[in-house]
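**Student:** based on what follows, work out the 3D shape:
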Amino acid sequence: MSGALVANVVILLLSLYRHCDTSQAAGNGPNPIAQHLRIGVMDARGTRPASAGPGLPEGRDRDLDGLLSKVARGDEAAFASLYDQLAGPVYGLIRRVVRDPAQSEEVAQEVLLEVWRTATRFDPAKGSAATWVMTIAHRRAVDRVRSATAAAEREKRTSVLLTPGDDVAEAVEASLERERVRRCLDGLTEL
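**Tutor:** Just a heads-up that it's a prediction; the model follows:
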């Protein structure tokens, strides 16, 4: 899935989520994301894997905390800014765990959508916004790897169990073998 497609899907999902969430609950008309608010494209070529290091500069980390607080109140512009700042690092971390680019983009999309939906759960007293988002990303990536591994194991076990055996041919072969042994025993002389 290309980066542009991922961004468009996130925009569409956010639009649908907001439309269903606000218009149905309040009884108002549609409330789509404003046309001038476009989330930037997540370009995998411009990202690098997450690396161990000192983290974000202190000021930028506080900015993200503020943005996430605004996202919790439904501020789409704040989410667009948060997305622009964290989409690359989120994708980089997930790519490092999952290794498949298409799967990584899909998981990154799921993570950013989860951030939008669950921003109210963020507690700045427990850690920074970047740490919270990256923790969600890492957990989702590990879940995806475990899910793929479990599916491969299930497939492997199923294929072993479903290996077709010709029961009739095996029964006939066993019967013929018993008959040959009886003939050989009958042909032996007594001592």
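
**Student:** in this protein, where is pLDDT below threshold?
**Tutor:** Where the chain drops to pLDDT under 70, the residues are 1-60, 160-165.

**Student:** if you set the cut-off to 50 instead, what comes out?
**Tutor:** For the chain, the stretches with pLDDT under 50 are 1, 16-17, 19-54.

**Student:** where do the strands sit along it?
**Tutor:** With DSSP state E as the criterion, the chain has no strands.

**Student:** what about Val133, how many residues close to it?
**Tutor:** Val133 has 24 neighbours, counted by other Cβ atoms under 10 Å. All C-beta spots, glycine's among them, are computed from the backbone N, C-alpha and C.

**Student:** run through the residues that contact it.
**Tutor:** Contacts for Val133 (Cβ atoms under 8 Å, 6 or more residues apart in numbering) come out as Leu68, Leu86, Val90, Val111, Val115.

**Student:** among these, which lie within helices?
**Tutor:** Leu68, Leu86, Val90, Val111, Val115 (DSSP state H).

**Student:** now, of those, which are buried?
**Tutor:** Leu68, Leu86, Val90, Val111, Val115 (16 or more other Cβ atoms under 10 Å).

**Student:** returning to what we had before: so which of the ones in helices among the contacts of Val133 comes closest to Lys126?
**Tutor:** Proximity to Lys126 was ranked across the ones in helices among the contacts of Val133 by Cβ to Cβ; first place goes to Leu68, at 12.4 Å.

**Student:** any idea how far the closest one lies from Ala129?
**Tutor:** As judged by Cβ to Cβ, to the nearest Å, Leu68 and Ala129 stand 4 Å apart.
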